[in-house]
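Chemist: Generate a structure from the sequence data that follows.
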Amino acid sequence: QVQLVESGGGLVQAGGSLRLSCAASGRTFSSVGMGWFRQAPGKEREFVAAIRWLDGSTRYADSVKGRFTISRDIAKNTVYLQMNSLKPEDTAVYYCAASPAAVVVLASLYNYWGQGTQVTVSL
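Modeler: Presented below is the predicted three-dimensional model:
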């Protein structure tokens with residue numbers, strides 16, 4: 001089992017920044033990649049960004065490229081999502097997830113999920 005705990009969500013004005021953290025514990029060696037997803041009210045969960053533990057290779061959704069940065073701290077078993085230039089349409093619950101595959105975008109390929117953290121961007 002892998003346990004994932006997200007933190008860092010909150011309320012921010014448009015144009016502002018937030019940094020989300022995802023602390024992993026348990027059988028973390030079984031996870032090759034980590035991802036961030038988000039789900040807005042009434043919408044499906046969507047891919048945001050992913051990173052491979054081993055070499056830090058990344059992948060981003062087009063909607064966040066150039067604004068969001070995913071990174072990892074191997075010593076702390078923690079993945080971060082730095083979100084800059086936030087827009088109201090970024091408002092959602094953000095989930096961290098772990099996958100046995102690397103930098104994948106399909107939610108079905110992630111087998112462990114955190115509880116989510118709310119990000120609200122106001123005008």
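Chemist: Buried residues of stretch 23-39, list them for me.
Modeler: 23-24, 28, 31, 33-38 (16 or more other C-beta atoms under 10 Å). C-betas here are computed from N, CA, C, even on glycine.
Chemist: What residues are bridge-paired with the most centrally placed residue in the chain?
Modeler: Nearest residue to the geometric centre of the chain (C-alpha atoms, centre = their mean): residue 36, 2.3 Å. When bridges are called by DSSP bridges, residue 36 pairs up with residue 49, residue 96.
Chemist: Surely it and residue 50 touch.
Modeler: Yes. Proximity of residue 36 to residue 50 meets the contact threshold set by C-beta atoms under 8 Å, at 7.4 Å.
Chemist: which neighbours do the two share?
Modeler: Taking C-beta atoms under 8 Å, 6 or more residues apart in numbering as the contact rule, residue 36 and residue 50 both touch residue 70.
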